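1. Have a look at this fold, sequence not included:
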């Protein structure tokens, strides 16, 4: 039996339905001994695609994955956290929507170029470029999803930040601004808005993750006061043989 303190293993039902192949995820929380690694590998055989997350880029687990599988490193996920105080104001240019109705302008902005869904060619062939668009579609009309929406002086949407709440944590899911607005302060205003709302929800911190190649996002999260708290390798393992 797999030690649940060291490994979390579960089916990815949404991914299975979307990509049309059997998908699962394995999260390796701690260094594995050979017995536990053998049990994890046995589970791999039941799926055509497995996403393996090596928490904290643990060297022992990275060595096992590289030695015993055909998995390849597709991403290194950088995790950030910001501890909150109680002195935030919501910018006038931003409004928060809970259970927001579908908005085509926001959908049109869902062009996230750096992603494990677009850098794995097998996922690209199966519609990986549209994953975030579907993520957004599935987030509209849901009371557990919140959109911070920024508008320019003409009332046009120029940025949004999708977020949710879990216990006392505010989780940033997606953030983007209109092309040409990345240096105009829109992102910072969006982040200020959720700082305010997170305190209203009695949250103690904001959490967000991004890809190691997304230097623009990494610099942005440092700019708004976040601290890096994790660095997790993500491997993709494929078994498409008949």
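-> Structure received. Just so it is clear, the model here is predicted, and its values are computed rather than measured.
2. remind me, longest helix of this structure?
-> Longest helix in the chain, counting residues (DSSP state H): helix 186-200.
3. quick one: low-confidence ranges for this structure?
-> 180-183, 242 (pLDDT under 70).
4. Domain boundaries for it, per the record?
-> Using automatic domain parsing, the domain ranges for the chain come out as 7-69, 82-229.
5. what would the ones you listed look like in CSV with mean neighbour count and distance to residue 237?
-> The C-beta positions use only the backbone N, C-alpha and C, and glycine is treated the same way. Output for the domains of the chain, formatted as CSV (neighbours: other CB atoms under 10 Å; distance: least, CB to CB, whole Å):
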stretch, mean neighbour count, distance to residue 237
domain 7-69, 16, 4
domain 82-229, 16, 11
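6. Residue 76: which of those domains is closest?
-> Nearest to residue 76, of all these, is domain 82-229, at 4.0 Å by CB to CB.
7. Now do the strands in this protein.
-> 7-11, 23-28, 49-54, 72-83, 94-98, 146-151, 157-166, 169-177, 205-211, 227-238 (DSSP state E).
8. Can you tell me what sits against the fourth one?
-> Read it as strand 72-83. Strand 72-83 has contacts (CB atoms under 8 Å, 6 or more residues apart in numbering) with 53, 57, 116, 119-120, 195, 204-212, 218, 221, 224-236.
9. relative to helix 186-200, how tilted is it?
-> Put simply, strand 72-83 runs at 60 degrees to helix 186-200, going by axes from the mean of the first three to the mean of the last three CA atoms, to 10 degrees.
10. quick one: strand 72-83 to strand 205-211, angle?
-> Taking the same axes, to 10 degrees, strand 72-83 and strand 205-211 form an angle of 160 degrees between their directions.
11. Same check on the first one?
-> In terms of direction (the same axes, to 10 degrees), strand 7-11 departs from strand 205-211 by 70 degrees.
12. do the third one as well
-> Relative orientation of strand 49-54 with respect to strand 205-211: 120 degrees, computed using the same axes, to 10 degrees.
13. Return the residues in contact with the closest residue in space to residue 29 that isn't next to it in sequence.
-> Once flanking residues are discounted, residue 29 sits nearest to residue 55: 5.1 Å by CB to CB, 6 or more residues apart in numbering. Shown in contact with residue 55 (CB under 8 Å, 6+ apart): 27, 28, 29, 30, 230, 232.
14. Specify which member of the residues you listed is nearest to residue 169.
-> Lowest distance from residue 169 to the contacts of residue 55 (CB to CB) belongs to residue 230, with 13.9 Å.
15. Check the contact between residue 128 and residue 120; I expect there is one.
-> Yes - here residue 128 reaches residue 120: they are 6.7 Å apart, a contact under CB atoms under 8 Å.
16. ok, residues contacting stretch 214-232?
-> By CB under 8 Å, 6+ apart, stretch 214-232 touches 53-57, 76-82, 114, 182, 187-188, 191-192, 206, 208-212.
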